[in-house]
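Engineer: no letters, just coordinates:
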């Protein structure tokens, strides 16, 4: 099973950026898309219907050639072992943050 999200770019030429997750694929729906992937020296142009599998953990910059460019971002869920590990790491980070103090004792936590 894959999760599909559809996005429409508001401003032509203004890129959006994110760090690619496990099993993500970008597919151009309408308009021409311009992609730059961290570590890849070449720019990538996607015509409608073309798709690109993104390398996990790399930063991606994407913009549209014209107004109203749309794309889908498909994601395959991570294997159970990876989800379990990331949940455990989040819990450990939360525990460490709960018990950290500064030179003046406990400081209030603000969660955004």
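Structural biologist: It's in. The structure displayed is predicted, hence computed values, not measured ones.
Engineer: now the helices for the protein?
Structural biologist: Listed in chain order, the helices of the chain (DSSP state H) span 80-98.
Engineer: so where's it shaky on pLDDT?
Structural biologist: Confidence mapping of the chain against pLDDT under 70 gives the ranges 1, 80-83, 98-112.
Engineer: could you pull out the strands for it?
Structural biologist: Here the chain has its strands, by DSSP state E, at 3-8, 16-19, 24-30, 33-37, 44-46, 51-53, 59-64, 70-75.
Engineer: those: which one's closest to residue 92?
Structural biologist: strand 16-19 (20.9 Å; Cβ to Cβ). C-betas here are computed from N, CA, C, even on glycine.
Engineer: could you say what helices and strands the closest one packs with?
Structural biologist: Contact analysis of strand 16-19 by 3 or more Cβ pairs under 8 Å, 6 or more residues apart in numbering; DSSP states H and E lists strand 59-64 as its packing neighbours.
Engineer: the strand it packs on: how far from the chain's middle?
Structural biologist: Relative to its chain's centre, strand 59-64 lies at 10 Å (Cα atoms, centre = their mean, to the nearest Å).
Engineer: angle of that strand against strand 70-75?
Structural biologist: Here strand 59-64 points in a direction 150 degrees away from that of strand 70-75 (axes from the mean of the first three to the mean of the last three Cα atoms, to 10 degrees).
Engineer: burial count for residue 44?
Structural biologist: Taking other Cβ atoms under 10 Å as the criterion, the count of residues near residue 44 is 15.
Engineer: my bad, residue 29
Structural biologist: 15.
Engineer: closest to residue 97 out of the strands of the chain?
Structural biologist: strand 16-19 (21.5 Å).
Engineer: strand partners (parallel or antiparallel) of the closest one?
Structural biologist: strand 59-64 (antiparallel) (DSSP bridges).
Engineer: TSV for the strands of the chain, including distance to residue 88?
Structural biologist: Output for the strands of the chain, formatted as TSV (distance: least, Cβ to Cβ, whole Å):
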stretch	distance to residue 88
strand 3-8	23
strand 16-19	20
strand 24-30	23
strand 33-37	29
strand 44-46	35
strand 51-53	27
strand 59-64	25
strand 70-75	21
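Engineer: residue 91: which of those strands is closest?
Structural biologist: strand 16-19 (21.4 Å).
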